[in-house]
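**Student:** Show me the folded form of this:
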Amino acid sequence: MKIAKQRTRKARPARLDLNVEYVVAPAGWPDAETLTRWAAAALQAGVDTAEIGLRVVDEAEGRTLNRDYRGKDYATNVLTFALNEGDDPLPGMPLFGDIVLTAPVIEREAREQGKTLAAHCAHMVVHSMLHLQGFDHIEDAEAEAMEALETVIVKRLGYPDPYGEEHA
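**Tutor:** Purely as a prediction, here's the structure:
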């Protein structure tokens with residue numbers, strides 16, 4: 001997978017079509033416009049167009065998807081499904097993929113970690129958008145690079161370092 005690099009944004013911003021679907025609409029959750037702004041902030045140089053589906057689900061659906069697609073029988077915070085998983089996108093082709101946010105898990109994590117819901121949601125959207133672009137955190141070097149890039153993006157959005165004391 002890709003190692004995150006500091007890159008300057010190109011002059012013309014990428015076109016992002018983010019289709020947001022709330023299966024659950026918890027109180028205090030960000031609206032579609034905010035989710036789109038966070039997703040757009042994570043688009044890297046070289047992505048001209050992105051067509052992404054983002055679905056906010058309950059714990060039951062999050063668990064089912066995690067079990068069916070990852071073989072893990074619990075609800076996770078975010079799942080990312082890239083159209084061309086593991087492959088470099090074809091030049092000129094849009095970035096295609098889906099993101100699933102499990103609302104109760106993200107809310108619980110935010111409370112446990114002492115973060116605002118907005119800060120944690122922004123981090124999860126940025127994290128998943130980077131996955132769609134081929135970034136990963138399986139190997140230590142990849143994880144460090146991806147976390148560094150996430151931190152830069154999340155801070156640009158006005159939130160604190162999502163890894164907090166881990167980076168101190």
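**Student:** the helices in this protein, which residues?
**Tutor:** In the chain, the helices defined using DSSP state H lie at 32-41, 59-70, 103-113, 117-132, 140-156.
**Student:** Can I get those helices in a markdown table including distance to Ala50 and mean neighbour count?
**Tutor:** Yep, even glycine has a C-beta here, placed from its N, CA and C like the rest. Output for those, formatted as a markdown table (distance: least, Cβ to Cβ, whole Å; neighbours: other Cβ atoms under 10 Å):
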| stretch | distance to Ala50 | mean neighbour count |
| --- | --- | --- |
| helix 32-41 | 8 | 18 |
| helix 59-70 | 21 | 16 |
| helix 103-113 | 22 | 17 |
| helix 117-132 | 8 | 24 |
| helix 140-156 | 15 | 17 |
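**Student:** I'd like to know which of the ones you listed lies nearest to Val24.
**Tutor:** Closest approach to Val24 among the helices of the chain (Cβ to Cβ): helix 103-113, 5.3 Å.
**Student:** Return the alpha-carbon coordinates of the closest one using PDB.
**Tutor:** Written as PDB, here are the backbone C-alpha positions of helix 103-113 (Å, rounded to 0.1, in the frame of the first residue of the first chain):
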ATOM      1  CA  ALA A 103     -22.700   5.500  14.800                       C
ATOM      2  CA  PRO A 104     -23.000   3.800  18.300                       C
ATOM      3  CA  VAL A 105     -19.400   2.600  18.100                       C
ATOM      4  CA  ILE A 106     -18.000   6.000  17.100                       C
ATOM      5  CA  GLU A 107     -20.100   7.700  19.800                       C
ATOM      6  CA  ARG A 108     -18.800   5.300  22.400                       C
ATOM      7  CA  GLU A 109     -15.200   5.700  21.300                       C
ATOM      8  CA  ALA A 110     -15.400   9.500  21.400                       C
ATOM      9  CA  ARG A 111     -16.700   9.400  25.000                       C
ATOM     10  CA  GLU A 112     -14.100   6.800  26.100                       C
ATOM     11  CA  GLN A 113     -11.300   8.800  24.500                       C
END
